[in-house]
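A.B. asks: predicted structure and sequence below. I'll ask about it afterward.
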Amino acid sequence: MTARHTVAIKAILSLRFDLTSLSSSSALSLRMANSPSSVHRRIRTRDATATGTPGRPPEVVRGQDFGRSVADGSPRAPEPVRTGTVPRTAAHGSLSGPDRERRYPRNMDNGLRARVVTPVPVELAQHLLVYKFAIDELMTKLRILSEEFDFVHQHDPIEHITNRVKRPEAIIEKLARKGLSPEPALIAEHLHDVAGVRVVCPFVSDVYRVEAMLRRQHDVEILRSKDYIAEPKPNGYRSLHLIVRIPVFLSDRVEHVKVEVQVRTIAMDFWATLEHKLFYKFDDQAPSDFLDELTSTALIAAQLDRRMEALHQRVHKEG
């Protein structure tokens, strides 16, 4: 046997050993991937993406007045600058592509409607940080309630949660309509929706379950409750709205901050999201027959909620 043959045989044996090791490793990985705990993890992370936090969906809201969030799921807060005003940036909720087109629909003259950019005082941008922290506090509470209830009862009453801090320009415009200046004290007194959290639940009973769990939190104060599920709006809109107040512990003081919480089912959220999207096509001037059709679809969504709730109760009763 020549030296060349010896080298070739050694190379073949080495390759065979590598393939055997790879096969064993793949089989082990496959068994681990299909274990019950691993399957459960995959189910729990089914909505996570590269921009989201593993274990929960990325909190990016695309509905009315709800802006983008950063990669870890916390709402963006405006970054103050030293010039006395804050320029518009993505952190302030600027939109592009389909998002921008939805909020500012095209017309025949200039493609996208021009919008006036309002300078943002640095004091306002810094004050909005407190609202971001209030959302962080509330999001932590809701995640704990969701995970604990799911562990104890094998049912998660929360499908997903989204959040946003209102754009500084929108705050200034809303205060101007009330004849008020954008001062932190006036914002806290007159605006209830600067910070917003939307909780989407599987079933109607879960909506009220989430409300009850929040009411039992000793540091969550329910200031106002409006039940549009029991009494829908004329257009068919259904949701439970809460104004809560959350303590935020800062380095030198405690701020009690208001947060608007919308709690609704998947069907309610589906209808509200599409209703908002369709309305912008008409620039808020929809014909009457279109409004009638929207109201009719809201009734269908409500019927779907009732039927799914009945099935849910039946499963739990028979189980």
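C.D. replies: Looks like it came in fine. Numbers count the residues shown, from 1 in each chain.
A.B. asks: quick one: the strands in the stretch 51-200 of the chain?
C.D. replies: Applying DSSP state E, counting those that start in this stretch to the stretch 51-200 of the chain gives strands spanning 85-86, 106-107, 111-112, 120-121, 160-165, 195-201.
A.B. asks: ok, of those strands, where does mean pLDDT dip lowest?
C.D. replies: Within the strands of the stretch 51-200 of the chain, the stretch with the lowest mean pLDDT is strand 106-107, showing a mean of 34.
A.B. asks: against residue 299, how distant is residue 160?
C.D. replies: 25 Å (C-beta to C-beta, to the nearest Å). Placement of C-beta: from N, CA and C, glycine included.
A.B. asks: which of these two has more residues huddled nearby?
C.D. replies: The neighbour count for residue 160 versus residue 299, taken as other C-beta atoms under 10 Å, is higher for residue 160 (17 against 12).
A.B. asks: the more buried one and residue 202 touch, don't they?
C.D. replies: No - the criterion here is C-beta atoms under 8 Å, and residue 160 misses it with residue 202 at 10.3 Å.
A.B. asks: where does the stretch 201-319 of the chain have low pLDDT?
C.D. replies: In the predicted model of the stretch 201-319 of the chain, residues 284, 319 satisfy pLDDT under 70.
A.B. asks: which helices and strands sit right next to the helix or strand hosting residue 211?
C.D. replies: Following DSSP states H and E, one finds residue 211 within helix 204-215. Other helices and strands packing on helix 204-215, by 3 or more C-beta pairs under 8 Å, 6 or more residues apart in numbering; DSSP states H and E, are helix 122-153, strand 195-201, strand 221-227, strand 240-249, strand 254-265, helix 288-318.
A.B. asks: save these as TSV, and put in distance to residue 207 too.
C.D. replies: TSV is the format used below for these (distance: least, C-beta to C-beta, whole Å):
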stretch	distance to residue 207
helix 122-153	13
strand 195-201	5
strand 221-227	9
strand 240-249	5
strand 254-265	5
helix 288-318	10
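A.B. asks: looking at the ones you listed, which is buried most?
C.D. replies: strand 195-201 (a mean of 24; mean count of other C-beta atoms under 10 Å).
A.B. asks: and the angle for that strand with strand 254-265?
C.D. replies: 30 degrees (axes from the mean of the first three to the mean of the last three C-alpha atoms, to 10 degrees).
A.B. asks: got the contact list for strand 195-201?
C.D. replies: The contact list for strand 195-201 (C-beta atoms under 8 Å, 6 or more residues apart in numbering) reads 61, 63, 65-66, 75, 131-132, 134-135, 138-139, 142, 157-166, 207, 209-210, 257-266, 269.
A.B. asks: try 6 Å this time
C.D. replies: Contacts to strand 195-201, defined as C-beta atoms under 6 Å, 6 or more residues apart in numbering, come from residues 131, 134-135, 138, 157-165, 207, 210, 259-263, 265-266, 269.
A.B. asks: which neighbours in the sheet does it have, and how are they oriented?
C.D. replies: Under the criterion DSSP bridges, strand 195-201 sits next to strand 160-165 (antiparallel), strand 254-265 (parallel) in its sheet.
A.B. asks: save the ones you listed as TSV, and put in distance to residue 194 too.
C.D. replies: As requested, the strands paired with strand 195-201 are arranged in TSV below (distance: least, C-beta to C-beta, whole Å):
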stretch	distance to residue 194
strand 160-165	7
strand 254-265	7
